[in-house]
Each structure stands twice: as C-alpha cells, then as structure tokens.
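Trainee: okay, here's the prediction I keep looking at, along with the sequence it came from:
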Amino acid sequence: MTTIRTRALLLSVAVLLGACASKVPLDTPATPAAPAAAAATPAATPPAAPAGQGAAGASGAPAPQSQVAGVDLTRDAAGGAGATVLPRERVVYFDFDSFVIRDEFRGMIDAHARVLTAQRSRRMVIEGHTDDRGSREYNLALGQKRAEAVLRSLTLLGVQDSQLEAVSFGKERPAVQGSGEEAWARNRRAELKDR
Amino acid sequence: MRALPADPSRRRCVAALAIGAAGLGGGAARAQFRVEISGVGATQLPLAVAAFAEEEKAPVRVSRVIRANLERSGLFRIIDGGAGLDERSPLEAAAWRGRGADALLAGSLLRLADGRWDLRCRLWDVLKNTELFGRSLVVPAADLRLAAHRLSDEIHERLTGERAAYATRIAYVVRTGSRYTLRVTDADGEGGQVALASNEPIISPSWSPDGRFLAYVSFETQKAVVWLQELQSGERRPLANFRGSNSAPAFSPDGRTLALALSREGLTQLFTMPLAGGSPTRLTQSGSIDTEPVYSPDGRLIYFVSDRGGSPQIYRMPAAGGPGERVTFSGGYNVSPSLSADGRHMAYVTRQGNAFRLALQELQGGPVRLLTDTSDDERPGFAPNSRLIVYATRADRADVLMTTTLDGRVKSRLVASGSDVREPAWGPFGR
C-alpha cells in the first residue's frame, strides 16, 4: 500500500520535473537490490556473519524496480550536473525493528552510489539511529545494523568499502524529540554524510 | 528539648543537599540533588539518631549523612534523636526504649586549630543498655563526608551483621541541554566531581575493579569510541577505535581484560582486549547482534545480550568464548544484565508492552520479579554489597537515577534539577 502511494507521489514529482528530463537509458540491473532483499527475510534468521554478503535476495521483492530507477534518473537530471552532484536526499528511514531498505529509498542510494563510483576519492559516513525505546547499547547495535545495511547497498552497487564507514548513534541523537509513532518513525534512520 | 517521637507507619524523608565547591580536589560539580526515600522495608531496626553537637558549624552535617544512608538501605527506621546529645551523654535507656528505639547514635564535631575536625560518636544498644562502639577520629574538612559514610558502614554492619556500601562511589552521566558530563559522586549522590565534560554523548561508564579507572563510550569524534580514564589524574586514552562502533566496555574481575562490543567485522559482536595492550580477540560468531557483556563475579563466565534467537535475550558463555546458554525465557526483550557480587542475582531490563522495566532473577532459579512501576527503566547495577540496585528511569518528565532494595520496597531518588541523569555505574569497595 505504501509502495503504491509512494510510487504515485514519485510519479507526480517526475511529471512535474519531466520538462527537463532527458532520455537516459536505464542502466540499473534487472534484478537489483540483493542487499536489501537479504535483509528482507524477517529478523528471525539473520544471514550468516562472515563476508557479510547476505543470502542472495531470497524473498526478492518483485520488480517495480524500473519505476524506481526512473525516478532516480529524473532527480539526477533535475540536479543538472549528473554524476558529480550528490543528491540532496540524505536520510533513509526504517520500519520498527527492521533493517530493510524500503523501495522508496533505492533511488536515493543508487544516486549516491553513482557519484561515489564516479569519484573514488569521495568518502562518506553513514550514521545509523534508532528511536528512543530500550537499552542504549542494544540500540547502538541496531543503529549500526541500519548503517551497515545502507553501506552494503552502496558497495553492492560498486562503491568501494574504503570510501565508506558505517557508525551508529543509537538513540543518542534523535532527529525529533518526544515519543509516539510519529516521532519514533522519524528517528529510525540512517544519514549519509560527506567526510 | 528532645523531639517528640514520630512513628508514622510510612516514612518519607526529604533532604535537600547542595554540593559546594569546598574541599574536593579537581573541580567539584555544582548541582543540587534531592534524595527522596519512599517505602517501608520488611523488617526494620529502629535506630535513634541525634544531631551531632556543633555539626551545624561543620561543612558536612555528619548525622544527616548517616541518617540518609541508613534509611536508603531499607533496613532501618530512623527515630529523630533531636539535639542536645553528644557521645558523652549518659544513656537514658528507658526513655529511648519508650520511644521504640533499639539503638542510639550520638556524637560531636569540634574544629581544631589547624582546620581539621575532631569527630566523635558512640553507638548504644538501648535494649541491653550497653555501648556497641565509640569512635574518635581527626579528619580534614575535605574528608568529612567520607568519614560519615565510613561510620555509616560501621553502624550498619554492627547492627545488622551485613556489609554495607555507603563509602562507595557511583558514576553517571548528566545531560543539560546539549552538554554532557560524566560525574563521580558518593553513593548518596553527593560530593560530585566532573570526570569529563563534552558536547557529544557519553554512555556506558564502567568501573575498573580497583576503582581507579573508568572506561566509557564517548561520541566526541562523531562515532562510538571506548576510552579509559584514570580518575585521579584525569589522564585518558582511547582503548578501542576500530571501524564502526566500539562500545559496552566491561572489566574482568581481575582487572586485566576488557570485554566489549565491536562492529569492526560487520554486525556488533563481542571481543576481549588485554588492558596491558594488544589486539582484540573475537568471542562470538553469531551472525546477529551480541552486546552488553558483563563478567560473572568469579570471572569464569560472560553474560551478554544477543538477538541470535530473533529478539534480544540474555545469554552466558565461558569467558574465553564458547557456546552461549540462554538465561532469560520470559518476555520477548530482555537486555542490560547486571550480576550481584554474591553470585545470587541478576538484574536486567525487560520489555512489557511498551514499558521497559527493571526485573530481578535468582540465578539458581525462581520467579522473575519486577521491582518498579515505572516504564522507562535502564541500566541496572548492583551495589558491591549486593543489597541495592541503582538504575536510571524517567519520572516527572525527567531522566533520574533511583536505588531500590532487592524486594522493591524501599526506593530512593536522585534528581538533578534542570538536567537529565542517566547511565549509572556503581563503583567497587575501597576507594
């Protein structure tokens, strides 16, 4: 449901920006996002640890991928300078107790990956955060897991590991004070920052 | 002249004490704490405490410190002994028995020419009409508070046969606006000193067994790094600054090893590091989050939190690593273990619905007991005598520290007005 609404929203944005859009061929792979899909298996059976590649897209979300890519291209073109300008969107939000990168953020991650692969000297830090419920140390680890999910997405799109670091602030740096689902949802996030 | 006995079945004692800048080296913290004691313990020894003669002239009202300490333990019902007594006053046993007292404490303070204080007291057994002990010591002004705590220890031990922990210290973090300080105070929250001031969060302070060092996590470099700081000198150095987050430091009982949580190999896992220097050794390989390690008192096991089963639960494994054995079975979220030094209990935080609550479990088996009716409890820690638990919680829209007896009956609250107090860690015996 959310996906459809999001897609509709993104499409309308795309239409609005469409005037400047150029016809750029889709270059995202047909079955992308193994990393996020690996995290998509519910938290009960996390992937085996080493090498962190995660089980190859087990439950693989079915494919509205091309539409996400479309949005991505539109944003890129609207930015004007192609792969040298980092997208302004910097925050990936997460569902409760989840490390799955939702479809609506794949485009953003693609865009960051494109810039980082084009400029190998560029470095970023990904900061993971949680809402304010529960143990500080466990939340630190949850935030770390979110940041690493984003990092994995980027490296699987070709960004070098050495360009990135995933860190966590747990619940120590909320974006929004207060409790209740609205505040919590805006605190469960990973932020991409230049280094 | 003597105060009328007050014998309410429910005692509530409020003592507002300000921390002055006097005496304590290294910069005393300016903060105000209120110790509120509520609840009635199961069996309480009625002890009359008289104001020490001339103590109003001293920087520390020794009898009040002693009184608050003993009340916080839950084992005493303090009867106001009024003023006008000192350690030489003859015991009017019948009168005190008539007020329900089993014992009486009286004393005096006298300022000497060199600025030190002559502190004397006497503890009487009212029922047997005998003296239990007398003390006479000369103390610099800066050590008066510690002397009061040590006397409290002696009185407690003499009257109950149990070891007390009043002369210990606690460390905790205070957040005021966007400023964080790591503080070390007496176990009653007084005499505070700032160990670290920062514009970035500080979490997870942990005491070395000899009480000389604190390890903690600081975000001063925009990520979680474990630091080690010597309290006396303020000298500090980063202990673990690997890729990703470095956190949850815990000393082994022999003081030689630090267990901690590192995400350097992807996913937060448990490692140990020798404090003398050297690289970390990985202990867990779980493919899940492993964190919050804490050693058993004999150093043979490490208890920790893992979500390898799908949700965070408490496990234990051999201290050198090995298969984990699950320890918590009720509820779907159990974190932040703390073990009593006597090896009998584990305190932790359990989630019930939307509430996070302090729970107590006997390690030999037995029901899990919830000790509070608050809903945002964090970071329980045992006093080194295994008789009290300190924890952080939320009350009246502020983060505060509390202590509780193991039966949950007697609680005390430490509040710093205008600030949030969190992340307590109870220091060891000996200073």
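Mentor: Received the coordinates, thanks.

Trainee: distance from the chain centre to stretch B:192-199, please.
Mentor: 18 Å (CA atoms, centre = their mean, to the nearest Å).

Trainee: which SSE is immediately downstream of the longest helix belonging to chain A?
Mentor: In chain A, taking DSSP state H as the definition, the longest helix is helix A:136-156. Sequence-wise, the next helix or strand downstream of helix A:136-156 (DSSP states H and E) is strand A:164-170.

Trainee: what packs against that next one?
Mentor: Applying 3 or more CB pairs under 8 Å, 6 or more residues apart in numbering or on different chains; DSSP states H and E, one finds that strand A:164-170 makes contact with strand A:124-129, helix A:136-156. (Each C-beta comes from the backbone N, C-alpha and C, glycine too.)

Trainee: between strand A:124-129 and it, find me the angle.
Mentor: 20 degrees (axes from the mean of the first three to the mean of the last three CA atoms, to 10 degrees).

Trainee: partner strands of strand A:164-170, parallel or antiparallel?
Mentor: strand A:124-129 (parallel) (DSSP bridges).

Trainee: what about the stretch 1-150 of chain B, any weak spots by pLDDT?
Mentor: B:1-37, B:41 (pLDDT under 70).

Trainee: where do the strands sit along it?
Mentor: B:13-18, B:32-38, B:45-49, B:76-80, B:103-111, B:117-125, B:130-139 (DSSP state E, counting those that start in this stretch).

Trainee: got these as CSV, with distance to chain A and mean neighbour count columns?
Mentor: Output for the strands of the stretch 1-150 of chain B, formatted as CSV (distance: least, CB to the nearest CB, whole Å; neighbours: other CB atoms under 10 Å in any protein chain shown):
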stretch, distance to chain A, mean neighbour count
strand B:13-18, 29, 13
strand B:32-38, 22, 17
strand B:45-49, 37, 22
strand B:76-80, 34, 21
strand B:103-111, 41, 22
strand B:117-125, 41, 21
strand B:130-139, 39, 14
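
Trainee: just to revisit the earlier point, mean neighbour count for the helices and strands packed on strand A:164-170 - can I get that in a markdown table?
Mentor: Shown next, in a markdown table, are the helices and strands packed on strand A:164-170 (neighbours: other CB atoms under 10 Å in any protein chain shown):
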| stretch | mean neighbour count |
| --- | --- |
| strand A:124-129 | 25 |
| helix A:136-156 | 27 |
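
Trainee: can I get these in TSV including distance to B:S419 and mean pLDDT?
Mentor: Shown next, in TSV, are the helices and strands packed on strand A:164-170 (distance: least, CB to CB, whole Å; pLDDT from 0 to 100):
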stretch	distance to B:S419	mean pLDDT
strand A:124-129	23	96
helix A:136-156	17	96
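
Trainee: B:G98 is nearest to which of these?
Mentor: Of all those, helix A:136-156 sits nearest to B:G98, with 52.4 Å by CB to CB.

Trainee: closest one to B:A195 among the strands of the stretch 1-150 of chain B?
Mentor: Closest among those, once you apply CB to CB, is strand B:32-38, at 17.0 Å.

Trainee: and the closest residue to B:L110 other than its chain neighbours, what are its bridge partners?
Mentor: Excluding the flanking residues, the one nearest B:L110 by CB to CB, 6 or more residues apart in numbering or on different chains is B:D118, at 4.3 Å. Here B:D118 sits in beta bridges with B:L110, B:V138, as judged by DSSP bridges.

Trainee: quick one: contacts for B:D118?
Mentor: B:D118 makes contact with B:109-112, B:136-138, according to CB atoms under 8 Å, 6 or more residues apart in numbering or on different chains.

Trainee: now the helices for chain A?
Mentor: Counting by DSSP H, the helices of chain A are A:2-17, A:34-40, A:65-79, A:106-118, A:136-156, A:181-187.

Trainee: and of the strands of the stretch 1-150 of chain B, who's closest to B:T185?
Mentor: Among the strands of the stretch 1-150 of chain B, strand B:32-38 comes nearest to B:T185, with 8.2 Å by CB to CB.

Trainee: and the residue of chain B most remote from its centre, how far from chain A?
Mentor: For chain B, the largest distance from the centre (CA atoms, centre = their mean) belongs to B:A94, which lies 37.8 Å off. Counting by CB to the nearest CB, to the nearest Å, the gap from B:A94 to chain A is 55 Å.

Trainee: contacts only, for that residue.
Mentor: With contact set as CB under 8 Å, 6+ apart, B:A94 has no partners.

Trainee: quick one: contacts of stretch A:170-181?
Mentor: A:127, A:129-134, A:136-137, A:139-143, A:182-183, A:186-187, A:189, B:201, B:203, B:219, B:224.

Trainee: what about 6 Å?
Mentor: A:130, A:132, A:136, A:139-140, A:143, A:183, A:186-187, B:201 (CB atoms under 6 Å, 6 or more residues apart in numbering or on different chains).

Trainee: now do that stretch: distance from first to last residue.
Mentor: Chord length of stretch A:170-181, first to last residue, is 17 Å (CA to CA, to the nearest Å).

Trainee: buried sites along that stretch?
Mentor: Buried residues in stretch A:170-181, counting neighbours by 16 or more other CB atoms under 10 Å in any protein chain shown, are found at A:170-174.

Trainee: and stretch B:172-190, which residues are buried?
Mentor: Neighbour-count burial for stretch B:172-190 [16+ other CB under 10 Å]: B:172-175, B:180-190.

Trainee: give me the low-pLDDT residue ranges for chain A?
Mentor: Where chain A drops to pLDDT under 70, the residues are A:1-88.

Trainee: show me the contacts for residue 151.
Mentor: Since no chain was named, I'll use chain A. So A:L151 contacts A:126, A:164, A:166 (CB under 6 Å, 6+ apart).

Trainee: look at chain B instead
Mentor: Going by CB under 6 Å, 6+ apart, B:L151 touches B:I66.

Trainee: before we move on, which element is it in?
Mentor: helix B:144-160.

Trainee: what's downstream of that helix, the next helix or strand?
Mentor: Following helix B:144-160 in sequence order, the next helix or strand is strand B:169-176 (DSSP H and E).

Trainee: after that next one, next one along is what?
Mentor: Next helix or strand after strand B:169-176 toward the C-terminus (DSSP H and E): strand B:179-186.

Trainee: which elements pack onto that next one?
Mentor: Using 3 or more CB pairs under 6 Å, 6 or more residues apart in numbering or on different chains; DSSP states H and E, the elements in contact with strand B:179-186 are strand B:169-176, strand B:193-198.

Trainee: could you give the separation of that strand from the chain centroid?
Mentor: Worked out by CA atoms, centre = their mean, strand B:179-186 lies 13 Å from the chain centre.

Trainee: can you give me the angle it makes with strand B:193-198?
Mentor: Calculated by the same axes, to 10 degrees, strand B:179-186 forms an angle of 160 degrees with strand B:193-198.

Trainee: neighbouring strands for strand B:179-186, and are they parallel or not?
Mentor: Strand B:179-186 is paired, per DSSP bridges, with strand B:169-176 (antiparallel), strand B:193-198 (antiparallel).

Trainee: near chain A, which residues of chain B show up?
Mentor: Residues of chain B lying near chain A by CB under 6 Å from any CB of the partner chain: B:201, B:203, B:223, B:244-245, B:247-248, B:263, B:266, B:268, B:285, B:287-289, B:291-292, B:305, B:310, B:312, B:335-336.
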